[in-house]
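Peer 1: output the structure for:
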Amino acid sequence: MKLKLKNTPEQVELIKAMGSRDATVAREASEAFAAFIGPVVSKVLLAAGTASTIYSDLAYDEDDNPSIPLDLWHDGGEDFITTWSQSVAGGLPTSNVEGFAEMKVATYRLDSAVSMLKRYARRARLDVVSKAVERMANEVLVKQERNAWAVVLKALAEANSGTNVVNATSSTTLTLNHLNSLLTLVKRINTSYAGTTTADVYGVTDLFVSPEVKADIRKFAYNNVTNNTTDLPAGVREEIYRNAGAQEIFGIAIHELVELGVDKKYNKLFAEFKGSGPLTSFASNADQILVGVDLTKDSFVRPVARNAETGGTFTAQPDDQFLARADKMGFYGSLEEGRVCLDGRAVAGIWLNAA
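Peer 2: Numbers count the residues shown, from 1 in each chain. This next block holds a predicted model:
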């Protein structure tokens, strides 16, 4: 994620004022700059993060206690439902059995701080100031992504006792047959719930894969599909070739995630979450998980606090810890959010099994 300040006379003067040796001038300029970058960072976090594709925001007033009326997210065919969430940032997501009532959601604060010498501001080094703000935003983004994906992976590992995953036995390469099996599995998972009708049955809208699996998909453009010697239509092959990887197959949007793949960050996290069911033998250093989600259900929710004064979700402020003799300035920013999966039927996966 990159941030760049425009080199305009107004911004140059504001940056120079932040480096002023007059404490009053520097403070006022820093507060004005912080008020400016807060909404910018908030928009960038939404655009840069992969989890923002999965989660829908549920804004609430800061200092409030957010809750979710579960009966509005379910058709009422069940007596109890299982949700997944985490109470602290970086903590282990846990499953909770809930009735159809108001579910209280635990939220947590994510923050970051940066500092620099005031001389960079006095020299109007916009590049240095931009990098400082970029660093602050990136640190919050990394924390956001880890917490968000932890809930997704925990729900995938535990939903329906691990049966939400297609086991591609003795296959490390994605095929159309695996995608077809995933679509069938999701249909059956949905119809297995009491009170479910045909209108309630959805599928998989998005699939998150590793760069290696994305390479397998690109091969569809020039290799025959091996399952039942079925070839792809020429139009699909041409789309894959022109788009360098096919953004959609069988109506499923494909997303590449570098944290997925053998021995990678999210693959290891999924291996830690696996239970004692069908996923017991999943090995992060040999196998890999592909994560499919159904975004039509709105089952992944992100309660996020809204600042009462600015109306934004990310708050930036000048850092007042530096004394005059240090000749330094800084900023810190934070947001408060939670991550919740309200329905395990909204997540399914493919297990590329090397065994």
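Peer 1: any low-confidence regions in the protein?
Peer 2: Applying pLDDT under 70 to the chain flags residues 1, 75-79, 192-202, 223-233, 235, 237-246.
Peer 1: how about the nearest residue to Leu92, chain neighbours excluded?
Peer 2: Sequence neighbours aside, Gln86 is the residue nearest to Leu92 in space, at 6.7 Å (criterion: Cβ to Cβ, 6 or more residues apart in numbering). To be clear about C-beta, it is placed using only N, CA and C from the backbone, and glycine gets the same treatment.
Peer 1: tell me which residues touch that neighbour, please.
Peer 2: Contact analysis of Gln86 by Cβ atoms under 8 Å, 6 or more residues apart in numbering lists Leu92, Pro93, Thr94, Ala106, Tyr108, Asn147, Ala150, Val151, Gly338, Arg339.
Peer 1: how close does the second one get to Asp206?
Peer 2: In this structure, Pro93 lies at 20 Å from Asp206, with Cβ to Cβ, to the nearest Å as the measure.
Peer 1: those two: which is more packed in?
Peer 2: For Pro93 versus Asp206, neighbours defined as other Cβ atoms under 10 Å are more numerous around Pro93 (22 against 16).
Peer 1: who's in contact with that one?
Peer 2: Applying Cβ under 8 Å, 6+ apart, the residues near Pro93 are Trp84, Ser85, Gln86, Ala150, Val151, Lys154, Ala155, Phe273, Arg339.
Peer 1: just the element for the closest residue to it other than its chain neighbours, please.
Peer 2: Leaving aside its sequence neighbours, Pro93 sits nearest to Lys154 (Cβ to Cβ, 6+ apart; 3.9 Å). In this structure, Lys154 sits in helix 126-158 according to DSSP states H and E.
Peer 1: which residue ranges of the stretch 1-150 of the chain form helices?
Peer 2: Secondary structure of the stretch 1-150 of the chain (DSSP state H, counting those that start in this stretch): helices located at 9-18, 23-48, 118-122, 126-158.
Peer 1: tell me the buried residues in stretch 74-91?
Peer 2: Neighbour counts using 16 or more other Cβ atoms under 10 Å place His74, Ile81, Thr82, Thr83, Trp84, Ser85, Gln86, Ala89 of stretch 74-91 among the buried residues.
Peer 1: geometric centre of this protein: which residue is closest?
Peer 2: Ala51 (1.6 Å; Cα atoms, centre = their mean).
Peer 1: hang on, that residue packs against Lys143?
Peer 2: No - Ala51 is beyond contact range of Lys143, at 11.2 Å (criterion: Cβ atoms under 8 Å).
Peer 1: give the burial count for Leu323, as a bare number.
Peer 2: Leu323: 8 neighbours (other Cβ under 10 Å).
Peer 1: how close does it sit to Ala23?
Peer 2: Remark: distance between Leu323 and Ala23 (Cβ to Cβ) = 10 Å.
Peer 1: distance of the residue nearest to the residue nearest to the centre of the chain when sequence neighbours are not counted from Gln288?
Peer 2: Nearest non-adjacent residue to Ala51, counting by Cβ to Cβ, 6+ apart: Ala148, 3.4 Å away. Here Ala148 is placed at a distance of 20 Å from Gln288 (Cβ to Cβ).
Peer 1: do Thr184 as well
Peer 2: 21 Å.
Peer 1: compare those two (neighbour count), which wins?
Peer 2: Gln288 (29 against 12).
Peer 1: so who does Ser87 touch?
Peer 2: So Ser87 contacts Thr94, Ala106, Tyr108 (Cβ under 8 Å, 6+ apart).
Peer 1: restricted to buried residues, select these in ChimeraX.
Peer 2: Restricted to buried positions by 16+ other Cβ under 10 Å, the ChimeraX selection for these reads:
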select :108
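Peer 1: which one among the contacts of Ser87 gets closest to Lys219?
Peer 2: For the contacts of Ser87, the residue nearest Lys219 by Cβ to Cβ is Thr94; the value is 39.8 Å.
Peer 1: what pairs with that closest one across the strands?
Peer 2: With DSSP bridges applied, Thr94 shows beta-bridge pairing to Ser85.
Peer 1: show me the contacts for it.
Peer 2: Contacts for Thr94 (Cβ under 8 Å, 6+ apart) come out as Trp84, Ser85, Gln86, Ser87, Lys154.
Peer 1: could you find the closest non-adjacent residue to Ala283?
Peer 2: Ala271 (6.9 Å).
Peer 1: host element of the one you found?
Peer 2: helix 265-273.
Peer 1: could you dump the helices of the stretch 1-150 of the chain to JSON lines with mean neighbour count and distance to Arg345?
Peer 2: Shown next, in JSON lines, are the helices of the stretch 1-150 of the chain (neighbours: other Cβ atoms under 10 Å; distance: least, Cβ to Cβ, whole Å):
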{"stretch": "helix 9-18", "mean neighbour count": "16", "distance to Arg345": "49"}
{"stretch": "helix 23-48", "mean neighbour count": "17", "distance to Arg345": "26"}
{"stretch": "helix 118-122", "mean neighbour count": "18", "distance to Arg345": "52"}
{"stretch": "helix 126-158", "mean neighbour count": "21", "distance to Arg345": "10"}
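Peer 1: okay then, goodbye and thanks.
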